[in-house]
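> sequence? don't have it. structure:
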């Protein structure tokens, strides 16, 4: 009953590999908390089907799963070649044509999707193609054509991405396709909407405004994958509900050598500002083909867990890999192993925090006590999930059972580290009886046992958003009856 519970959440991207019969159920059984729909690939109908199938599979297992819709964003890509792939030789000239009528490319030139690219670059800049595998040095700009020299050559195929080393490309965060996909996310009732290539808080706020106008209530995830986003990190974190360390394009823009330190900074800053953080991209990339991860991948995932990330994400490993279920199982094992070594360093000393909300103060007081009086669990009666989020920002070894009647709140809490959402409806019952019923409910679920001490938080009025103002220390008595140890 009291076996170690995994605290770090797992996100898995859906795709052709998870469409195989029974695979969705298997990855959920292995531990997926959130499924990601990558709107860069597949049709709207594919995404509708996968979201529905994931929720149905979760319901059949008697559990929740959240849906994250991930916008493509304005990724700059080369156009198509007449005959792909082409081989670019180091030292050879190569031209990028910023012209909507550019002919199919060859080994000397190719069109690009961003027609103003020629305005954003200058001689001496380095352009990186295909996630940095090919490097071009800009020599001159003639009209709308960028003339470059190949620095690092290789095979190049259609529609590969382009980044400028150091960032600085001025295109907007939301392309026309993204605006359409925001409406799709609202239609799907997605729980999270990830905004790609955000540069500033305004990009996040615009996405939220468009989503709300379309009837969507998803939490907004800011993907940090531009150099400019690192410079504007604090304002982006404050504007978003969650942040994703999107290490693919970010690593290309800032350079691989800078990426580990930047990742740690993003995780640290996000937690310090009381928001949720996801670590993503190539975490177990070898498992696209291999049934086991490399030691380097194990260390990568473990380090993110030790740094305090809320969630780790699988992309191609589950969307297109040979072993989606084994990739999730490996991720789960590594998370559990790292959590055994995790030592919270959150400073809960008096005088280090200022609070604007009562539920924040109750959350900190709860975690301060939990670390000093030996409780088995924290039980939060929460309407919106806000109390559970505040509780989860203070890292500890104590599981947080978040009881809510609202499915949307329970699904959002699937992303919060340490939080286990539980369906529970206290509506119409006074706070004292609701608290006792919550303990009984968890006892009946075998989440609590006789003799366990727990801290319970709730509000004076059940079912009220933002109303948490009470903290109690309780013991589970015979038959799951809550015994008061006094109000704290």
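The structure has been received and is ready for your questions. All values derive from a computational prediction rather than experimental measurement. Numbering: from 1, shown residues only.
> Enumerate every residue touching residue 77.
112, 113, 159, 160, 161, 162 (Cβ atoms under 8 Å, 6 or more residues apart in numbering). The way it works is simple: take the backbone N, C-alpha and C, and place the C-beta from them, glycine included.
> Kindly recompute the last result at 6 Å.
Neighbouring residues of residue 77 by Cβ atoms under 6 Å, 6 or more residues apart in numbering: 113, 159, 161.
> could I get these as TSV with pLDDT and neighbour count?
Output for those, formatted as TSV (pLDDT from 0 to 100; neighbours: other Cβ atoms under 10 Å):
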residue	pLDDT	neighbour count
113	92	18
159	90	13
161	92	17
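> Of those, which is the nearest to residue 240?
The closest of the contacts of residue 77 to residue 240 turns out to be residue 161 (Cβ to Cβ; 23.1 Å).
> Distance-wise, check that closest one relative to residue 314.
Noted for residue 161: a distance of 20 Å to residue 314, by Cβ to Cβ, to the nearest Å.
> Over to residue 114?
29 Å.
> what's the answer for residue 16, then?
For residue 16, the distance to residue 314 equals 14 Å [Cβ to Cβ].
> These two: who's more crowded?
Using other Cβ atoms under 10 Å as the criterion, residue 16 and residue 314 rank with residue 314 on top: 29 against 12.
> host element of the nearest residue to that one once chain neighbours are set aside?
Once flanking residues are discounted, residue 314 sits nearest to residue 12: 4.9 Å by Cβ to Cβ, 6 or more residues apart in numbering. Element membership for residue 12, per DSSP states H and E: strand 9-13.
> Walk me through the domains of this protein.
9-74+172-339, 86-164, 358-487 (automatic domain parsing).
> Lowest average confidence across those, which one?
Per-segment mean pLDDT for the domains of the chain reaches its minimum on domain 358-487, at a mean of 86.
> circling back to that earlier point, could you identify the helix or strand that succeeds the strand holding residue 12?
Toward the C-terminus from strand 9-13 - assigned by DSSP H and E - lies helix 23-30.
> Identify each buried residue in that next one, please.
Residues of helix 23-30 classed as buried by neighbour count (16 or more other Cβ atoms under 10 Å): 23, 24, 25, 26, 27, 28, 30.
> now for the following helix or strand past it, which elements pack on it?
Where DSSP H and E defines the elements, the next helix or strand beyond helix 23-30 is strand 34-38. Applying 3 or more Cβ pairs under 6 Å, 6 or more residues apart in numbering; DSSP states H and E, one finds that strand 34-38 makes contact with strand 9-13, strand 66-70.
> got CSV for those strands, with mean neighbour count and distance to residue 155 too?
Formatted as CSV, the helices and strands packed on strand 34-38 follow (neighbours: other Cβ atoms under 10 Å; distance: least, Cβ to Cβ, whole Å):
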stretch, mean neighbour count, distance to residue 155
strand 9-13, 26, 25
strand 66-70, 27, 27
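> can you put these in CSV and add distance to residue 307?
Compiled in CSV, these are given as follows (distance: least, Cβ to Cβ, whole Å):
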stretch, distance to residue 307
strand 9-13, 15
strand 66-70, 21
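> hmm, back to that, to residue 80, which of the domains of the chain lies closest?
The closest of the domains of the chain to residue 80 is domain 86-164. By Cβ to Cβ, the value is 4.4 Å.
> List the contacts of residue 476.
Taking Cβ under 6 Å, 6+ apart, one finds 443, 448, 450, 452 in contact with residue 476.
> In the sheet, which residues pair with it? Tell me.
Beta-bridge pairing for residue 476 (DSSP bridges): residue 482.
> The closest residue in space to residue 273 that isn't next to it in sequence: which element?
Spatial nearest neighbour of residue 273, chain neighbours left out: residue 237 (4.8 Å); criterion: Cβ to Cβ, 6+ apart. Under the criterion of DSSP H and E, residue 237 resides in helix 233-239.
> from the middle of its chain, how far away would the following helix or strand past that helix be?
With elements assigned by DSSP H and E, the helix or strand that comes after helix 233-239 is strand 242-246. With Cα atoms, centre = their mean, to the nearest Å as the basis, strand 242-246 stands 6 Å off its chain's centre.
> which residues are contacting strand 242-246?
Contacts for strand 242-246 (Cβ under 6 Å, 6+ apart): 221-225, 237, 263, 266, 270, 276-281.
> Quick check: residue 146 is in a strand.
Yes: the assignment for residue 146, made by DSSP: H, G, I helix; E, B strand; the rest coil, places it in a strand.
> what's around it, how many residues?
Neighbour tally, residue 146, other Cβ under 10 Å: 26.
> Wait, it touches residue 116, no?
No: assessed by Cβ atoms under 6 Å, residue 146 is found out of contact with residue 116, at 11.3 Å.
> What does the pLDDT read for residue 347?
pLDDT at residue 347 comes out at 52.
> hey, where'd the strands end up in the stretch 201-350 of the chain?
Using DSSP state E, counting those that start in this stretch, the strands of the stretch 201-350 of the chain run over 219-224, 242-246, 276-280, 311-314.
> Touching the longest one from outside, list them.
Same thing as strand 219-224. Counting by Cβ under 6 Å, 6+ apart, 192-196, 198, 204, 207-208, 236, 240-246, 266, 412 sit against strand 219-224.
> Buried subset of these as a ChimeraX selection?
Here is the ChimeraX selection string for the buried members of the contacts of strand 219-224, based on 16+ other Cβ under 10 Å:
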select :192,193,194,195,196,198,204,207,208,236,240,241,242,243,244,245,246,266,412
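> before we move on, back to that, tell me which entries of the contacts of residue 476 lie within helices.
By the criterion of DSSP state H, membership of the contacts of residue 476 in helices covers residue 443.
> how deep is residue 108 tucked in, by neighbour count?
11.
> separation between the nearest residue to residue 48 once chain neighbours are set aside and residue 44?
In this structure, residue 48 finds its nearest non-sequential neighbour in residue 188, 6.5 Å apart by Cβ to Cβ, 6+ apart. Noted for residue 188: a distance of 9 Å to residue 44, by Cβ to Cβ.
> And residue 55, by the same measure?
In terms of Cβ to Cβ, residue 55 sits 17 Å off from residue 44.
> Also residue 62?
29 Å.
> now do residue 231
Counting by Cβ to Cβ, the gap from residue 231 to residue 44 is 35 Å.
> got it, and residue 406?
27 Å.
> Of these two, which one has the most company?
residue 406 (18 against 14).
> Please name the nearest non-neighbouring residue to that one.
residue 383 (6.5 Å).
> So what's the residue count around the one you found?
21.
> what do you get for residue 257?
Neighbours around residue 257, by other Cβ under 10 Å: 8.
> cool, and the one 4 residues further on?
In terms of burial, residue 261 registers 10 neighbours under the definition other Cβ under 10 Å.
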